[in-house]
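Novice: The following block contains a protein sequence and its predicted model.
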There are 2 protein chains.
Amino acid sequence: MNDQEAFAIAVEEAEMGYNEGGVPIGAALVSRDGKLLGRGHNMRVQKGSAIHHGETSALENSGRLPASAYKGATMYTTLSPCDMCTGACILYGISRVVIGENKTFLGGEAYLKQRGIEVVILENKKMQDLMEKFISEKPEIWNEDIGEEERVHSKELK
Amino acid sequence: MNDQEAFAIAVEEAEMGYNEGGVPIGAALVSRDGKLLGRGHNMRVQKGSAIHHGETSALENSGRLPASAYKGATMYTTLSPCDMCTGACILYGISRVVIGENKTFLGGEAYLKQRGIEVVILENKKMQDLMEKFISEKPEIWNEDIGEEERVHSKELK
């Protein structure tokens, strides 16, 4: 599958998350030869989870894999990855991270590049709108998800 | 509870993991006022998991918490944290990471410090011995857990 098809899966996951009442961030992990290894979305609300973010859920749903499986792989994610998900991509030696948008949240993109990972930003308006909607509806869940205490993100957005 | 008591829980978790046939790394998350928030160990083998490391399991088992709960908290871990677990500690604003040993694996300690987190290394021989034993017994599981392909760690040790 190509970038467009793979990103569409991440979007589908994000929308699934929103419809479940959760944090609408989705991801898909695709091998260097274009095969889907795993897909997933943030499960903070659904599983009461602190570690099942979009990207880590996609990794978890890919199951146990040898290091060779991640080589040349791309992580597609609807939102700029937080520090944990940034670290997860680095740990497994994922080669490329394709990000839907980084306007509502800017994560570890600089560190990904510093560690030799290619970063692509799609500036996807649909995913930005979905996050803005979610943040304005449930700011306290969003703050919890990114370990923030007082910042009310909905006010910062416009 | 104090550092010694908290680290003993991480050790207990690591030994539990070893006895289950898994990767023997354990962790405990303790709040600034000395209360245990959660404890856990690596579940790669037990759950077929790519994301349940020692530290992330302790975070997961702590459940959903507001950012304030992590403030001033200490993560006790038997082994130097990998890039994912390093990122998880940064995400949640954990203040201090106490590490059993970093001889069998050196993780993101420098990055933790760079991001303002206090790092303490205990140089615990018992945990080093346990990891060396595990790595020599199951090098392929260990390599998988740290996203390594060819390095045979058992040969590099000692």
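Specialist: Perfect, thanks for sending it. Residues are numbered from 1 along each chain as shown, chains lettered A, B, ... in the order given.

Novice: Quick one: name whatever helix or strand follows the strand or helix carrying residue A:76.
Specialist: Following DSSP states H and E, one finds residue A:76 within strand A:74-79. Remark: after strand A:74-79, the chain's next helix or strand is helix A:83-91, criterion DSSP H and E.

Novice: what about the next helix or strand after that next one and chain B, any contact?
Specialist: As assigned by DSSP H and E, the chain's next helix or strand after helix A:83-91 is strand A:96-101. No - shown here: strand A:96-101 not in contact with chain B (C-beta under 8 Å from any C-beta of the partner chain), separated by at least 13.3 Å. The way it works is simple: take the backbone N, C-alpha and C, and place the C-beta from them, glycine included.

Novice: Can you list the helices and strands that strand A:96-101 packs against?
Specialist: Judged by 3 or more C-beta pairs under 8 Å, 6 or more residues apart in numbering or on different chains; DSSP states H and E, strand A:96-101 is in contact with helix A:3-19, strand A:74-79, helix A:109-114, strand A:118-121, helix A:125-137.

Novice: Quick check: phi and psi at residue A:39.
Specialist: phi -140, psi 160 (degrees, to the nearest 10).

Novice: for residue A:26, that is, sorry about that
Specialist: Torsion angles, degrees, to the nearest 10, at residue A:26: phi -120, psi 160.

Novice: Let me know the pLDDT of it.
Specialist: Residue A:26 is assigned 98 on the pLDDT scale.

Novice: So for the spatially most central residue of chain A, what's the nearest residue that isn't a sequence neighbour?
Specialist: Closest residue to the average C-alpha location of chain A: residue A:77 at 3.7 Å, with C-alpha atoms, centre = their mean. Closest residue to residue A:77 apart from its sequence neighbours, by C-beta to C-beta, 6 or more residues apart in numbering or on different chains: residue A:27 at 4.3 Å.

Novice: Can you tell me what sits against the helix or strand encompassing that neighbour?
Specialist: Of the helices and strands defined by DSSP H and E, residue A:27 is found in strand A:26-30. Identification of contacts with strand A:26-30 by C-beta atoms under 8 Å, 6 or more residues apart in numbering or on different chains yields A:1, A:6-7, A:9-17, A:36-42, A:54-55, A:57-59, A:62, A:73-78, A:94.

Novice: same question, stretch A:130-137
Specialist: Counting by C-beta under 8 Å, 6+ apart, A:14-15, A:18, A:23-25, A:78-79, A:101, A:104-105, A:142, A:153-154, A:157 sit against stretch A:130-137.

Novice: Which entries within the residues you listed meet the buried criterion?
Specialist: The neighbour count (16 or more other C-beta atoms under 10 Å in any protein chain shown) marks A:14-15, A:18, A:23-25, A:78-79, A:101, A:104-105, A:142, A:153-154 as buried among the contacts of stretch A:130-137.

Novice: OK, contacts around the residue of chain A found nearest chain B?
Specialist: When distances are taken as C-beta to the nearest C-beta, chain A reaches nearest to chain B at residue A:87, 2.7 Å away. Residues in contact with residue A:87, defined by C-beta under 8 Å, 6+ apart, are A:108, B:82, B:83, B:84, B:85, B:86, B:87, B:88, B:90, B:108.

Novice: same question, residue A:10
Specialist: Counted by C-beta under 8 Å, 6+ apart, residue A:10 has contacts A:26, A:27, A:28, A:39, A:54, A:76, A:77, A:78, A:100.

Novice: Can you convert those into JSON lines and add a column each for distance to residue A:66?
Specialist: Formatted as JSON lines, these follow (distance: C-beta to C-beta, whole Å):
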{"residue": "A:26", "distance to residue A:66": "25"}
{"residue": "A:27", "distance to residue A:66": "21"}
{"residue": "A:28", "distance to residue A:66": "20"}
{"residue": "A:39", "distance to residue A:66": "20"}
{"residue": "A:54", "distance to residue A:66": "23"}
{"residue": "A:76", "distance to residue A:66": "21"}
{"residue": "A:77", "distance to residue A:66": "23"}
{"residue": "A:78", "distance to residue A:66": "27"}
{"residue": "A:100", "distance to residue A:66": "29"}
